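Student: only the shape, not the letters, is given here:
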């Protein structure tokens, strides 16, 4: 199986989220750095499935340890990360995520309405 060399250089625990960009992946670290990999997001999803990463939509793989909470804005749900990034949860994916990861949406004190 393919194995990106960036995972040998940087620990996956330091990634806040990974974002697909055509056939590349942009990896964001907690220090605010961006790294680009020539591997697609699907490869990272398969390699990081044992860790605490969840696929939010087609373009985003998020490290759950960096999730600050959930926002409700304009009838849409957003995941807010500790680095203040916000990622929209698609409405069709929300029910699946809510069932699979109830801690994202509960306790209710996490949800901030704006």
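Tutor: Great, that's in hand. For clarity, every value in this text was computed on a predicted model and none was experimentally measured. Residues are numbered from 1 along each chain as shown.
Student: from the chain's centroid, how far away is stretch 38-52?
Tutor: 11 Å (Cα atoms, centre = their mean, to the nearest Å).
Student: pLDDT of it, averaged?
Tutor: Across stretch 38-52, pLDDT averages out at 88.
Student: buried set for it?
Tutor: By neighbour count on 16 or more other Cβ atoms under 10 Å, the buried set for stretch 38-52 is 39, 41, 43-45, 47-48. C-betas here are computed from N, CA, C, even on glycine.
Student: any idea how far apart the tips of that stretch sit?
Tutor: The first residue of stretch 38-52 is 22 Å away from its last residue (Cα to Cα, to the nearest Å).
Student: residues in contact with that stretch: which ones?
Tutor: Residues outside stretch 38-52 that contact it (Cβ atoms under 8 Å, 6 or more residues apart in numbering) are 1-4, 7, 12-13, 18-20, 23-25, 27, 37, 53, 55, 59, 61, 63-65.
Student: so which of the buried residues of stretch 38-52 belong to strands?
Tutor: In strands, defined here by DSSP state E, there are no members of those.
Student: could you pull out the strands for this protein?
Tutor: 15-21, 24-29, 34-37, 53-55, 60-63, 67-73, 76-81, 86-89, 111-113.
Student: who does the fourth one touch, helix- and strand-wise?
Tutor: In terms of contacts (3 or more Cβ pairs under 8 Å, 6 or more residues apart in numbering; DSSP states H and E), strand 53-55 is packed against helix 41-47, strand 60-63.
Student: among the ones you listed, which is nearest residue 93?
Tutor: Nearest of those to residue 93, taken as Cβ to Cβ: strand 60-63 at 10.4 Å.
Student: pairing partners for that closest one, with directions?
Tutor: Here strand 60-63 is paired, per DSSP bridges, with strand 15-21 (antiparallel), strand 53-55 (antiparallel).
Student: looking at those strands, which is nearest to residue 82?
Tutor: That would be strand 15-21 among the strands paired with strand 60-63, by Cβ to Cβ, at 7.2 Å.
Student: now the closest one against strand 67-73, angle please.
Tutor: Angle of strand 15-21 versus strand 67-73, following axes from the mean of the first three to the mean of the last three Cα atoms, to 10 degrees, is 50 degrees.
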